[in-house]
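Enquirer: turn this into a model:
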Amino acid sequence: MLFLLAGVLAIAGTGTQPDEAKELLIIAAADFASAALAWLLPWRRWPRYSPLLLCLPALVTLAFSTWAFGGFATGTGPFFVLLFAWLGLHFPPWAIAVMIPPAAVAYIAPLVVTHQPPVVISSAVILLPIVAGVAALIANQVAHLREAREQIHQIERWRAALTAMLAHDVRSPLTSVQLALGTLRTDDRRLSPGRKEAIIEAALRQTARINRLAAGLLDLDRVDIRGALKLDLQQVRLRHAVDNAIGYLNAEDVVIKINPDLVLSADPQRLEQILVNLTANALRHGKLPVIISGEWTGEVVRIHVRDHGAGVPDSQLPYLFARFNNIRTSAGSVGLGLWIVHELVRAHGGDVSYGHANPGARFTVTMPVTPPSNAT
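Expert: This is a model prediction of the structure:
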C-alpha cells in the first residue's frame, strides 16, 4: 500500500511538474513494480523477516527521488517516516536499528551528490532520529498489544478447558450421589445397616469431592487476586491426610509408605488438596505403581509422590509449576493443579520440587514442622 501510494502521488505530480515528468514516471514505475513484488511474492513460505528486503527498493527509490529533484529532501522525508512506521508495526526493534545506516546513506548521499548546503545535509541529524524514534514507539506499543492479545487467547482457551473439566469433574460425583440417593429411596427396607452405611459414606465422600473442587476454585481466586491464603493450622497426621486424599480419588492402586505417627502443622483441607492434586497428576500422566512416602528430617517433613511413567522432559521443567502450563496435560486438564500445589505449599512456608525417578516422576513437598509466623 505504501508503494502504491508513492506511485500514485508520482503520477499526480506529473500534472503539476511537467518538466520532471520523465523522472516522476520512472519513480512511479519503480513504486508500482515494488508494490507488485510485495503483493505477489510468497512471503509466508519464506523466513519470518524476509519482508525486510522490501526496504531496499524503497530506499533506492527514495534516494533516486532526492537526487532527481536536485536534493529536494522535504519531498522524500515523509516517506522515510512512513517506511519506518511500517518497520515498527511489523518488526522488532533490532530491525529498526539495522535499517538506520542504509536509510542514512539513502538520505544523505543524494544531498551530497547534488551539492546541497551543509544546513540541508545536517537535516539528517533531525530526521533520522525522529523516524527511528517513531518506529521504536510503534514497535513497543505493538509488542504490548500482541502480548495482551496472546493473553486473551490463552485465557479464552483455558476458560473453555476449565469449563469442560468442571463439567466432567462435577458430573461424576453428582451421578454417584444421585445413584446413592435413588438406592436408599427404592431399596431402603431391603438394605442391611452395613450396606446402607456404606452407601451413605460413598455419597458423603463424593459431596466432599465437589466441595474440594469448589475450594480449589476459591483458592485460585484468592491467590490470583488477593495474593494470600488464610490457613487453619492444626496438628495433622500425614497418613490420615493421605488416606483421605486417596479416598477422594477412589484410587486403590496407590502404595502408601508413611509412618502413622508422623505429624506436621498444616491446614488439613489444603494439605489434602496438595496430596489430591499430586496424586491425580501421577495417576493421569504416569504409570502404576504410584507411591506416596513421607519422612521427617530435622525441622522439615518431606512428602514424595512418585509414578513410573515417562517423566517430564528437561526442556519443560522451567515451566512445570507455572500457571496454565501445557506440560503433561490432557484434554481434561488446564495446567492449574501443579500451580495450586506450589502456591499452597508456599503459603505453609514450604517448597515443592520435581526430580527424575528413573523411571518416572517424583514430586517432593518440603514443609516445615512448624510453619513460619507470617503464614496466614
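Enquirer: surely Val365 forms part of a helix?
Expert: No. Assigned with DSSP: H, G, I helix; E, B strand; the rest coil, Val365 falls outside any helix and is strand.
Enquirer: mind checking how far it is from Val276?
Expert: 12 Å (C-beta to C-beta, to the nearest Å). (C-beta placed from N, C-alpha, C; glycine too.)
Enquirer: any idea how far the lengthiest helix in the chain is from the chain center?
Expert: As assigned by DSSP state H, the longest helix anywhere in the chain is helix 124-187. Distance of helix 124-187 from the chain centroid (C-alpha atoms, centre = their mean, to the nearest Å) equals 9 Å.
Enquirer: tell me what that helix is packed against?
Expert: Under the contact definition 3 or more C-beta pairs under 8 Å, 6 or more residues apart in numbering; DSSP states H and E, helix 124-187 sits against helix 77-90, helix 93-113, helix 193-221.
Enquirer: Pro110 contacts Trp67, doesn't it?
Expert: Yes. At 3.9 Å, Pro110 counts as touching Trp67 under the criterion of C-beta atoms under 8 Å.
Enquirer: before we move on, the earlier item: in CSV, list the helices and strands packed on helix 124-187 along with distance to Asp351 and mean neighbour count.
Expert: Shown next, in CSV, are the helices and strands packed on helix 124-187 (distance: least, C-beta to C-beta, whole Å; neighbours: other C-beta atoms under 10 Å):
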stretch, distance to Asp351, mean neighbour count
helix 77-90, 43, 19
helix 93-113, 38, 17
helix 193-221, 18, 15
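Enquirer: could you dump those helices to JSON lines with mean pLDDT and distance to Val242?
Expert: Listed next are these as JSON lines, based on pLDDT from 0 to 100; distance: least, C-beta to C-beta, whole Å:
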{"stretch": "helix 77-90", "mean pLDDT": "92", "distance to Val242": "55"}
{"stretch": "helix 93-113", "mean pLDDT": "92", "distance to Val242": "53"}
{"stretch": "helix 193-221", "mean pLDDT": "76", "distance to Val242": "15"}
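Enquirer: among the ones you listed, which is nearest Leu53?
Expert: helix 93-113 (11.2 Å; C-beta to C-beta).
Enquirer: any idea of the mean pLDDT in the helix or strand following the closest one?
Expert: Using DSSP states H and E, the helix or strand that follows helix 93-113 towards the C-terminus is helix 118-121. Taken as a whole, helix 118-121 carries a mean pLDDT of 86.
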